[in-house]
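> Here is my input, please return the structure:
(one chain, ligands or ions: 1)
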Amino acid sequence: MLELYAFPFSGNSRKATIVLEEVGAEYQYNQIDLMQGEQKQPSYLEINPNGKVPVLGDGDLLLWESSAILIYIAEKFPAAELIPTDPILRAEMHQWLVWQPGTYNPPVSALNGQLMFTPTEQQDPEQIATLRQTVAANTEIVATRLADQPYLLGAFSLADIVMLPHLSAAAERGVELSAKITNYLARLQTRPSWQKVSSMTP
Ligand SMILES: N[C@@H](CCC(=O)N[C@@H](CS)C(=O)NCC(=O)O)C(=O)O
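Take a look at the predicted model:
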C-alpha cells in the first residue's frame, strides 16, 4: 500500500494528500508531527534526509518533493486525468509545479511564520505588508492565466492541486485577492479532496 508521511497543517503535505484523494488511492497516512520536531529524528531522516514532509512510499521508492509526488501519483492513476495529454499544456503544468514551490510558496510561508508562529508583539508589520503585496502580485499571475477558464489549464489538473493549499493560506493570512481568484479558490475548495484535507487535524 502507498504510504504518505505528512502533517495535516503542512501545505506541501496537503498537496500530496489532495492528489491521493483525487485519484481514489488507498494509502496509509503516517503523521510526522512537525510541532514535536519528529521530522528531524534520525529514524525519519532515513526516510527523508531533508528532514521535511511530505514523503511518499511505494514499495522500495521513498519519494520527497511534493511536485514529484503529484506527478508520480497522477501517472500511476491515469484514469483520474490529472495530467493534460496536450504536450503544450503538459509543459505548462510542469511550469506551475516548479513555480509554486520555488516562487509562490516562500512568501506565503514567511507570512505564515509571522502571523501564526511569531508572538504578536514581535511581529514586523512592515514585513507583513511587503509579504502580502508580494503574494498578491504573484497571485495575479495566476489570475491572468485563468482568464475566463474555471481551472488553470482549462480542465482540472495538477496545476490547480499544486496551487490550492498555499492559495488558501494566502486568503487566510489577509492577502488581498481579486474576484477572479476568490471565485477560483471557492471552486477548488468545494472539491471533496479539499474538504477532507482541510478538516484533518494532528
Ligand atoms: N520543496 C519541498 C518543501 C517541503 C517543506 O518545506 N515542508 C515543510 C512543511 S510544509 C516542512 O517539512 N517543514 C519542517 C522543517 O523544515 O523542519 C516540497 O515541496 O515538498
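> Now do the helices in this structure.
Taking DSSP state H as the criterion, the chain carries its helices at 11-23, 42-45, 66-76, 87-99, 105-117, 125-146, 158-172, 179-189, 192-198.
> In TSV: those helices, plus mean pLDDT.
Below are the helices of the chain laid out as TSV (pLDDT from 0 to 100):
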stretch	mean pLDDT
helix 11-23	98
helix 42-45	98
helix 66-76	98
helix 87-99	98
helix 105-117	96
helix 125-146	98
helix 158-172	98
helix 179-189	98
helix 192-198	98
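> May I see those helices organised as TSV, with mean neighbour count and distance to residue 57 added?
Any C-beta I mention is one placed from the backbone N, CA and C, and that applies to glycine too. Below are those laid out as TSV (neighbours: other CB atoms under 10 Å; distance: least, CB to CB, whole Å):
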stretch	mean neighbour count	distance to residue 57
helix 11-23	24	11
helix 42-45	11	12
helix 66-76	20	10
helix 87-99	15	21
helix 105-117	17	23
helix 125-146	16	31
helix 158-172	24	20
helix 179-189	16	27
helix 192-198	16	19
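> For residue 152, which of those is the nearest?
The closest of the helices of the chain to residue 152 is helix 158-172. By CB to CB, the value is 4.2 Å.
> coming back round to it: rebuild the helices of the chain as TSV, extending it with distance to residue 34.
Formatted as TSV, those follow (distance: least, CB to CB, whole Å):
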stretch	distance to residue 34
helix 11-23	9
helix 42-45	11
helix 66-76	14
helix 87-99	23
helix 105-117	11
helix 125-146	21
helix 158-172	14
helix 179-189	23
helix 192-198	16
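> and this protein, which residues reach the ligand?
Within the chain, the positions adjacent to the ligand are 10-12, 34, 39, 51-54, 65-66, 101 by CB under 6 Å from any ligand atom.
> redo that, cut-off 5 Å
The chain comes close to the ligand at residues 10, 12, 52-53, 65-66, 101, as judged by CB under 5 Å from any ligand atom.
> circling back: nearest to residue 4, of the helices of the chain?
Nearest to residue 4 among the helices of the chain is helix 11-23 (5.9 Å), distances taken as CB to CB.
> angle of that closest one against helix 87-99?
Here helix 11-23 runs at an angle of 150 degrees relative to helix 87-99 (axes from the mean of the first three to the mean of the last three CA atoms, to 10 degrees).
> quick check: domain ranges of this protein?
What automatic domain parsing lists as the domains of the chain is 2-81, 87-191.
> Make JSON lines out of these and add distance to residue 202.
Formatted as JSON lines, the domains of the chain follow (distance: least, CB to CB, whole Å):
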{"stretch": "domain 2-81", "distance to residue 202": "6"}
{"stretch": "domain 87-191", "distance to residue 202": "14"}
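> Which one, of those domains, ends up nearest to residue 199?
Among these, domain 2-81 sits nearest to residue 199 (CB to CB), with 9.0 Å.
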